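Enquirer: Would you be able to build a 3D model of this:
(one chain, ligands or ions: 1)
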Amino acid sequence: MLRRLRSAARELLRPDSPKPQRDHATSVGMLPPPVPVPIEEVFESGCPRDPILKLDGCPVCGSTEATRVGRYNKFVLYERIPDTAATIYNYALCHDCGVVYATARPAGGRYDWLLEHFEETIGRTGLGDQRAGKVTLSSYALTDETRDQLRRLASRGIFVSDHSGVSRKEYVPALMVDRLANSVHVEILGSLLTMNRPRVLEIRSRLGGISAALKRLYDADCQALTLFENQQHLIQEVYGIPAKCPIDFDHFEIPFEGQFDLIVSKHMVTHAVRPREFLATVRSRLRPGGHLYIYSEFVEAEFLEQGHSMFNTLNPFHLQTFNTPSAVRALEANGFKMVFCTMHDGHFLGLAQKLEDIPSDWQRMTHEERGRRRGQYRLAFDLAVLQVPESLRSRVAQEWDGALERSLENGTAEIVKKGHVKVRPPKGGKLKSSPDH
Ligand SMILES: [Zn+2]
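Expert: Numbers count the residues shown, from 1 in each chain. Below is the predicted model:
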């Protein structure tokens, strides 16, 4: 159990940055097309079959107009899957806000199970294999002993100098890593907001880095929500910042009293089972004119423009993805006005201010944008189909012929010797693909 939780923790705590992937611009397909066979349930998982939400409208803006743009998530690339339904999310492009969302998505106990079993389920960790987990970054349930151990390590402080002679095993290097990695967000917030002892909530804080810096610089009164108990413990121990865990991605709640001037949220819009409710909860806890800062949100450019496989990028927790204009619309449709947004390390970040009312006249996506993105998604989906490893290709048998035909026609694929299919990314970029297991 611990092993599973540790693995899940490692996965969750990854910053979700695009990993270096090998160049896949070589032979990836072979003719003739694969024979359709049902996806096998090769993993006796015990994954609850329910609930799976079937959405008939956009979970971000409520619009019912949408175009289907993708069938599979990353599970389709893994040999072991918990059950057939786990691979099929039927992603749709909302015609109004432009967010792409999974119309079939796990919720409740099923979502929790996937979180707890993430790495094991997707085949990154074999059954019975052990991966080393660090006590500071994993979801170890704390015992009196590990609690004491963390307290002892944390007592060395955050900035432990290399010349001090203190071994890395005697302190928590991850604390400084977290401070430095998150300083970019502190710089943005401090430059764009006037902060005078603001009340701040940090959602999905790793080790309290943003809260600690805001406390140091602006005397902020911070609270933090973490995924795991050891993070909660460390944040309280090191910074004296109240922290609570875990985070409910389905029915999100804020277990602190009162209103906030600023709510900082990491990678939550992408993962939220009910993003509208998530944003409504956040909004209800912001003071008039308060701000929401979101970061590490995942954007579609990764697979539409940068050549990553769409299937590989859309992991089973990526329930929403978008582009910048869609993020602006999505926030406005939920009562926030974008103040500033940019891309950082391949991910979206944005600062938005709470509007007094939720507007009904927010700008909808244009026909031009819709048409362009539908075309891009078609292309990306086809290329992802053609890049499915040969051993798993039967799973995309029903899409294979169409994908190959279109890709040959539009020049993103060609048949080379021995009947292999070579694919190249749109816009002449370097194709990056391949599942990373
Ligand atoms: Zn929408």
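Enquirer: Report the residue spans of the stretch 301-437 of the chain with pLDDT below the cut-off.
Expert: Applying pLDDT under 70 to the stretch 301-437 of the chain picks out residues 427-437.
Enquirer: Next, the residue in the stretch 101-250 of the chain positioned nearest to the ion: secondary structure please.
Expert: When scored by Cβ to the ion, the stretch 101-250 of the chain has Tyr101 as its residue closest to the ion, at 7.5 Å. Backbone N, C-alpha and C define where each C-beta goes, glycine included. Three-state call for Tyr101 (DSSP: H, G, I helix; E, B strand; the rest coil): strand.
Enquirer: which bits of the protein sit near the ion?
Expert: Within the chain, the positions lying close to the ion (Cβ under 5 Å from the ion) are Cys58, Val60, Cys61, Ser63, Cys94, Asp96, Cys97.
Enquirer: isn't Tyr91 right next to Gly70, touching?
Expert: Yes: assessed by Cβ atoms under 8 Å, Tyr91 is found in contact with Gly70 at 4.0 Å.
Enquirer: so what are the domain limits for the protein?
Expert: The record's domain split for the chain, according to automatic domain parsing, is 2-131+374-428, 139-193+205-243.
Enquirer: what about the strands in the stretch 201-350 of the chain?
Expert: With DSSP state E, counting those that start in this stretch, the ranges of strands along the stretch 201-350 of the chain come out as 221-225, 243-244, 260-266, 286-297, 320-321, 336-344, 347-354.
Enquirer: of those strands, which approaches Arg364 most closely?
Expert: strand 336-344 (15.7 Å; Cβ to Cβ).
Enquirer: on that earlier part again, any shared contact partners between Tyr91 and Gly70?
Expert: Common neighbours of Tyr91 and Gly70, counting by Cβ atoms under 8 Å, 6 or more residues apart in numbering, are Val100, Leu314.
Enquirer: Looking at these two, which is more packed in?
Expert: A count of neighbours by other Cβ atoms under 10 Å puts Tyr91 above the other of Tyr91 and Gly70, at 27 against 22.
Enquirer: residues in contact with the more buried one?
Expert: Taking Cβ under 8 Å, 6+ apart as the test, what Tyr91 contacts is Arg68, Val69, Gly70, Arg71, Val100, Tyr101, Ala102, Thr103, Leu314.
Enquirer: Can you select the buried ones from those in PyMOL?
Expert: A single PyMOL command selects the buried members of the contacts of Tyr91 (16 or more other Cβ atoms under 10 Å):
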select buried, resi 69+70+71+100+101+102+103+314
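Enquirer: ok, so of the contacts of Tyr91, who is nearest Phe381?
Expert: Gly70 (5.3 Å).
Enquirer: From Leu383, how far out is the closest one?
Expert: To Leu383, Gly70 is 12 Å away according to Cβ to Cβ, to the nearest Å.
Enquirer: got it, and Ser183?
Expert: Using Cβ to Cβ, Ser183 is found at 37 Å from Leu383.
Enquirer: same check, this time on Ile235
Expert: With Cβ to Cβ as the criterion, Ile235 and Leu383 are 42 Å apart.
Enquirer: could the strands of the stretch 201-350 of the chain be laid out in TSV, adding mean neighbour count?
Expert: Below are the strands of the stretch 201-350 of the chain laid out as TSV (neighbours: other Cβ atoms under 10 Å):
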stretch	mean neighbour count
strand 221-225	25
strand 243-244	20
strand 260-266	23
strand 286-297	20
strand 320-321	26
strand 336-344	15
strand 347-354	21
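Enquirer: would you turn these into TSV with distance to Glu369?
Expert: Shown next, in TSV, are the strands of the stretch 201-350 of the chain (distance: least, Cβ to Cβ, whole Å):
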stretch	distance to Glu369
strand 221-225	34
strand 243-244	40
strand 260-266	26
strand 286-297	19
strand 320-321	15
strand 336-344	17
strand 347-354	17
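Enquirer: so which of these gets nearest Ser360?
Expert: When the strands of the stretch 201-350 of the chain are compared by Cβ to Cβ, strand 336-344 sits nearest Ser360, at 14.5 Å.
Enquirer: Strand partners (parallel or antiparallel) of the closest one?
Expert: Sheet partners assigned to strand 336-344 using DSSP bridges are listed as strand 347-354 (antiparallel).
Enquirer: C-alpha coordinates for the partner strand, PDB please?
Expert: Below are the C-alpha coordinates for strand 347-354, written out as PDB (Å, rounded to 0.1, in the frame of the first residue of the first chain):
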ATOM      1  CA  HIS A 347       2.600  25.800 -19.000                       C
ATOM      2  CA  PHE A 348       0.000  28.500 -18.600                       C
ATOM      3  CA  LEU A 349      -0.100  30.900 -15.700                       C
ATOM      4  CA  GLY A 350      -2.700  33.600 -15.200                       C
ATOM      5  CA  LEU A 351      -3.700  36.300 -12.700                       C
ATOM      6  CA  ALA A 352      -7.400  37.200 -12.700                       C
ATOM      7  CA  GLN A 353      -9.500  39.500 -10.600                       C
ATOM      8  CA  LYS A 354     -12.900  38.600  -9.100                       C
END
